[in-house]
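[1] Prediction below, plus the sequence it came from.
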Amino acid sequence: MNKKPFHLKQEDNLRKRIAAGFAAIVNFILAVVVLTLGKNLLAIVLAIYLIVVAVVAARKWIQLSRPQS
């Protein structure tokens, strides 16, 4: 078995946390921009999709931010 050392596991976790947090923030900002600029049905559907993606990314960020037991 080829297990990673502990410090490399922490680096992977940090990268995943940064990526999930960045994705949540960017998707939420995009949703707000789409809602303010577009007033048709497609813009509303796209904004709802982006908000859902942002919530999923935020939940992943919260999950990764908790201390591992």
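    It's in. Please read all numbers here as calculations on a predicted model, not as lab measurements.
[2] Contacts only, for the spatially most central residue of the chain.
    When Cα atoms, centre = their mean is applied to the chain, the residue found nearest the centroid is A57 (2.6 Å). Contacts for A57 (Cβ atoms under 8 Å, 6 or more residues apart in numbering) come out as 20-21, 23-24, 27. (Glycine included, C-beta is placed from N, CA and C.)
[3] Test my guess that W61 contacts F22.
    No - taking contacts as Cβ atoms under 8 Å, W61 lies outside contact range of F22: 9.0 Å.
[4] Show me what the one helix or strand G21 maps to is packed against.
    If you go by DSSP states H and E, G21 is part of helix 6-37. Other elements packing on helix 6-37 under the criterion 3 or more Cβ pairs under 8 Å, 6 or more residues apart in numbering; DSSP states H and E are helix 41-65.
[5] got the angle for the helix it packs on vs helix 6-37?
    Relative orientation of helix 41-65 versus helix 6-37 (axes from the mean of the first three to the mean of the last three Cα atoms, to 10 degrees): 160 degrees.
[6] Count the residues that sit near F22.
    12 (other Cβ atoms under 10 Å).
[7] where's it relative to A54, distance?
    Distance, F22 to A54, using Cβ to Cβ, to the nearest Å: 11 Å.
[8] List the buried residues in the helix or strand of the chain with the lowest mean pLDDT.
    Within the chain, no helix or strand scores below helix 6-37, which has a mean of 84 by mean pLDDT, DSSP states H and E. By 16 or more other Cβ atoms under 10 Å, the buried positions in helix 6-37 come out as 17, 20-21, 23-24, 27-28, 30-31, 34-35.
[9] Which single one of the residues you listed is nearest to S65?
    The closest of the buried residues of helix 6-37 to S65 turns out to be R17 (Cβ to Cβ; 6.0 Å).
[10] Now the closest one: closest residue in space, sequence neighbours ignored.
    L64 (4.6 Å; Cβ to Cβ, 6 or more residues apart in numbering).
[11] Report the buried residues of stretch 42-50.
    Neighbour-count burial for stretch 42-50 flags 43, 46-47, 50 (criterion: 16+ other Cβ under 10 Å).
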